[in-house]
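S.K.: Could you look at this predicted model? Sequence included:
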Amino acid sequence: MKKELGIFLGLLLALTMVLAACSSGNSGESENGSGSSDNAEGSDNGDTTLEIFSWWTAGGEANALQALLDGFESANSDIKVENAAVAGGGGSNAKAVLATRMQGEDPPSTFQVHGGAELFQWLEADSMEPLDDLYEENGWTDIFPQKVIDMNTTDGSVYGVPIDIHRGNVLFYNKQIFDEYGIEPPKTFEDFFAAADTLQENGVTPLALGDKDPFGSSSLFETVLLGVLGPEDYSKLWTGELAFDSDGVREAAETFKKMLGYINDNHSSLAWQDADQLLVDGEAAMNVMGDWAEAYFVSKGWEPNKEFGWTATPGSQGSFMIVNDSFGLPKGVENPDDVKTFLTYLGSKEGQKAFNKLKGAIPARTDVDMSEFNEYSQSAMDDFKASDSDGTLTLSLANGSAASPGFLNKFNDAVNIFVTQQDVDQFINALTKASSQIK
Amino acid sequence: MEATNTQKRDTLRQKKKPVSKDKVLAFLFLLPSLILIAVFVYGFIGWTGYVSVSNWNQLIPDMSFVGLDNFSSIFQTFRFQSDLRNMLFFTVFFIAGVVILGQFLAVLIDQKLKGESIFRNIFLFPMALSFVVTGVVWRWVLNPDTGMNIILDGLFGWTPGWYTDTTIVPTLQIGQIDFGIPLALIAVMIAAIWQMTGFSLAMYLAGLRGIPEELREAARMDGATERQIYFKVILPQLQPITFGVIVMMLHISLKIFDLIYTMTGPGANFVTDMPAVNMFETTFRGNYYAEGAAIAIVLLVLVAIFIVPYLIKSRKGEA
């Protein structure tokens, strides 16, 4: 009897310890599930450890993040940083983990978020601290482009520090294939379809698409929307001034349908980078993707304007679809001052340069010397500045900036169905029905 | 509280069984797991049910009661209707495959052949893998451009689209969807059957070993052919095993998530989507928490329809 009681107490003790371990693990990154957590130190006493949450785990992205963190640590040796990145394309898994942590009132010190609707949802949940004083201290109001600041601002207060600017509406092409068949980079849809016909006749897949994740085809469709509607009307879609059952959207859907006749058969088995690989392998000629694809090509040993070329997607010459990553300050973190130190570095010239050179994006600051960047980034910066002064900057839906995640989810579902069924009426109906969720 | 306690004491007294120390100790041993299960299983089922009738369809919780709105809205979506169709066909063919193949292999291995344990282990091995690994491996193997198709093309000039095929046969218009077997699901079934056949093999092998040799001998004496012995003597004896395998596989196939998520995702036109995948994406990508909870409850009910009768039956068996 005594012995049994001893066993029982022993088990009880073990259970208590397990529970205790679980609860302290929560503050670390144990919820990441499959997370490769070789940097999960889980030190509870480390009061000056910053946990930097993002979904930059692949190739160039991870290197860029590491360069940023290394630069910060060497400048601020008293503050330790912990890279808490969660793998998964477009942040799909990371956003799920983040939502759980925010609701459990266990926010990371700072986290990656797309400026726009994706950031604003956290404001509705009252989870972010305003960063107006930080902007004032660093004079950022004059240095960051107004449009990008707007993407991080609600009700007169700014909540995010932009680290980079990507361009969403880029058409990349394999230069060798284009030269072989004497094709000029297509500027209009007419050019595009003419080029696509030539390529198809010669047995080359004209347009590579990877939509295992619906993000691939949604990105393509939003560039078609931009190309058909033009930047002004395109932006009206997200404010509710232009309805989804208007003629312009219908025309865009028809154009998109026509484009789908030129894609690779196995698109639903490929991720976006697999589609870019088709270009590298010479099997496909063109791909529409945000310019993180440029970093992918470079990582495969391709050089801009040598092996691959680029142009704005058909019809969208002169407009620039912004995909912006920002970092903010969640409410309830233990060491807000250290987070602000980090955000200051993130917004500084050195920080932006170290990060973006590897990321393939352009810095959010307009005063960074671009001479050390490659040819593509330099041209992207020129395009951005030109577009900024023309007022033709637009937001990306597929990347979460233009509308609420709820609408994006329905949009993705509708696009996924359309890619196979190609029923324009049904597609327009689905989009119109979902548009009450844009917010 | 008082009242129930006295009641309990009364019933105990009626049975005239004093509470022994053993029983107290047994109860104490069980208590931690009882509490944990009560909170983390039944408590959260209750919470999910509560969320599923609320209006929480954005990031910020809104627990106002909306009745069955979430249920009616998910049943009206193309995606969820596709999920139910996919789940139905996947379940039927997956279970049939596992049962038939497992039985067939068990009968072969039961022939007292040399190196029996090697074969048994070979077939059991896939079960040691996680569905995530299976999913990734089969995604590569069945990739229409780089996988097995290279061999198939060389041998027969045949290149199926596997999980990228969006054909549905036959095509019957029901609701918003085409009802029929999505051919893309065949690829997923192959992977799932490959993984779980080892399990049913092991079950059937144990079952076969449990049938006394005398029964077969007696049948042979009566002049039964080997075929007759198998279908009239062995198979009926294996019925409880078949039943057990079906129930085990049923709950795997109804809840399947990891295999689909890593191998195909929802698929073009949702030909390989399953309710669990839909639930995850609806809840955590779209922030439709209440609709996600509604999908979860529908799944729970579907699983319960099959599992509860089994539990009741096995309880009766015990008594």
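M.R.: Sure thing, it's come through.

S.K.: Tell me the secondary structure of the residue in the stretch 201-319 of chain B positioned nearest to chain A, please.
M.R.: Taking CB to the nearest CB as the measure, the point where the stretch 201-319 of chain B comes nearest chain A is B:Gly286, at 2.9 Å. (C-beta placed from N, C-alpha, C; glycine too.) Following DSSP: H, G, I helix; E, B strand; the rest coil, the label given to B:Gly286 is coil.

S.K.: Make sure A:Val113 is indeed in a strand.
M.R.: Yes - assessed by three-state DSSP, A:Val113 belongs to a strand.

S.K.: interface residues of the stretch 251-400 of chain A facing chain B?
M.R.: A:265-269 (CB under 8 Å from any CB of the partner chain).

S.K.: Would you reformat these as CSV and include pLDDT and secondary structure?
M.R.: Compiled in CSV, those are given as follows (pLDDT from 0 to 100; DSSP: H, G, I helix; E, B strand; the rest coil):
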residue, pLDDT, secondary structure
A:Asp265, 88, coil
A:Asn266, 87, coil
A:His267, 90, helix
A:Ser268, 88, helix
A:Ser269, 87, helix
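
S.K.: ok, of these, which come out buried?
M.R.: For those, a burial check counting by 16 or more other CB atoms under 10 Å in any protein chain shown picks out A:266-269.

S.K.: could you redo those as TSV and give each row distance to B:Phe44?
M.R.: Shown next, in TSV, are those (distance: CB to CB, whole Å):
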residue	distance to B:Phe44
A:Asn266	40
A:His267	38
A:Ser268	34
A:Ser269	35
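
S.K.: Just list the residues touching the residue nearest to the residue of the stretch 201-319 of chain B closest to chain A when sequence neighbours are not counted, thanks.
M.R.: Ranked by CB to CB, 6 or more residues apart in numbering or on different chains and with sequence neighbours excluded, the top spatial neighbour of B:Gly286 is A:Asn409, at 2.9 Å. Listed by CB atoms under 8 Å, 6 or more residues apart in numbering or on different chains, the contact partners of A:Asn409 are B:281-282, B:285-288.

S.K.: C-alpha coordinates for the helix or strand A:Asn409 falls within, PDB please?
M.R.: Assessed by DSSP states H and E, A:Asn409 sits inside helix A:405-421. The C-alpha trace of helix A:405-421 is given here as PDB (Å, rounded to 0.1, in the frame of the first residue of the first chain):
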ATOM      1  CA  PRO A 405      -8.100  38.200 -44.800                       C
ATOM      2  CA  GLY A 406     -11.800  37.100 -44.800                       C
ATOM      3  CA  PHE A 407     -12.300  38.500 -48.300                       C
ATOM      4  CA  LEU A 408      -9.000  37.200 -49.500                       C
ATOM      5  CA  ASN A 409      -9.900  33.700 -48.400                       C
ATOM      6  CA  LYS A 410     -13.200  33.800 -50.400                       C
ATOM      7  CA  PHE A 411     -11.300  35.400 -53.300                       C
ATOM      8  CA  ASN A 412      -8.800  32.600 -53.300                       C
ATOM      9  CA  ASP A 413     -11.500  30.000 -53.300                       C
ATOM     10  CA  ALA A 414     -13.300  31.600 -56.200                       C
ATOM     11  CA  VAL A 415     -10.100  31.900 -58.200                       C
ATOM     12  CA  ASN A 416      -9.300  28.300 -57.500                       C
ATOM     13  CA  ILE A 417     -12.600  27.200 -58.900                       C
ATOM     14  CA  PHE A 418     -12.400  29.500 -61.900                       C
ATOM     15  CA  VAL A 419      -9.000  28.200 -63.000                       C
ATOM     16  CA  THR A 420     -10.600  24.800 -63.600                       C
ATOM     17  CA  GLN A 421     -14.200  25.600 -64.500                       C
END
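
S.K.: check contacts around A:His114.
M.R.: A:323-326, A:399-401 are the contacts of A:His114 under CB under 8 Å, 6+ apart.

S.K.: what's the nearest residue to it if we skip its chain neighbours?
M.R.: Using CB to CB, 6+ apart, the closest residue to A:His114 is A:Gly400 (4.3 Å).

S.K.: swap in A:Arg250?
M.R.: Nearest non-adjacent residue to A:Arg250, counting by CB to CB, 6+ apart: A:Ile428, 5.9 Å away.

S.K.: So for whichever strand or helix holds the one you found, mean pLDDT?
M.R.: Per DSSP H and E, A:Ile428 falls inside helix A:424-434. Averaged across helix A:424-434, the pLDDT comes to 93.

S.K.: the inter-axis angle of it versus helix A:405-421?
M.R.: Per axes from the mean of the first three to the mean of the last three CA atoms, to 10 degrees, the angle that helix A:424-434 makes with helix A:405-421 is 170 degrees.

S.K.: before we move on, back to that, what is the burial count for the residue of the stretch 201-319 of chain B closest to chain A?
M.R.: Residues near B:Gly286, counting by other CB atoms under 10 Å in any protein chain shown, number 23.

S.K.: just checking, it touches A:Gly406?
M.R.: Yes - B:Gly286 lies in contact with A:Gly406 (CB atoms under 8 Å); the separation is 5.2 Å.

S.K.: And the residue of the stretch 201-319 of chain B closest to chain A, what's its pLDDT?
M.R.: Turning to B:Gly286, the model gives it a pLDDT of 85.

S.K.: cool, the one 5 residues further on as well?
M.R.: Here, the pLDDT recorded for B:Glu291 equals 94.
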